[in-house]
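Undergrad: model the following, please.
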Amino acid sequence: MNRENKKKEFEKNYYKNHPSTEIFTCKFCGHEVFPDGAGSKHRNHCPYCLSSKHLDIEPGDRASNCGGIMEPVAVWVRKGGEWAIIHRCKICGALSSNRIAADDNPMKLMSIAMKPVSLPPFPLEKIEQMTKLMGGDGTLEW
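TA: Presented below is the predicted three-dimensional model:
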């Protein structure tokens, strides 16, 4: 079923209050994605590559006309310890946050979480200088 038919078939904000039961093919990695296994009634991204499609302006409204691929760019921890993925649209740059699903690829989640540590915005050699400036001696010995 294409996007135009969904707009005609379902009333506005239908997906805010109804479960997503559709099987879809991920536009990024090509895997077939099933709603079962997500641990939620609202599957909103591929559990293999964690990518999504830009469909909503507000969660569940299907009001976006962009349709771009939403790439996973970061993870964050919500109140209570639940993880969520930050997605950014490759076409319009819109950002959104989506809860992780029970069947999400744990290695992909960890690689996204570790990206800032592995690619800091400054040279690692600067850590010693910064530590000395803060009153430490710059060593990690206990």
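Undergrad: residue closest to the middle of this protein?
TA: By Cα atoms, centre = their mean, the chain has its centre lying nearest to I85, at 3.1 Å.
Undergrad: helices or strands up against the longest helix along the chain?
TA: What stands out as the longest helix in the chain, according to DSSP state H, is helix 106-118. Counting contacts by 3 or more Cβ pairs under 8 Å, 6 or more residues apart in numbering; DSSP states H and E, helix 106-118 packs against strand 69-77, strand 83-89. Every residue, glycine included, has its C-beta placed from N, CA and C.
Undergrad: what's the closest of these to K53?
TA: strand 69-77 (6.4 Å; Cβ to Cβ).
Undergrad: can you list the strands that the closest one pairs with?
TA: Here strand 69-77 has these sheet partners by DSSP bridges: strand 52-53 (antiparallel), strand 83-89 (antiparallel).
Undergrad: list the contacts of that strand.
TA: 27-28, 45, 49-54, 83-91, 94, 96-97, 100, 108-109, 112-113, 115 (Cβ atoms under 8 Å, 6 or more residues apart in numbering).
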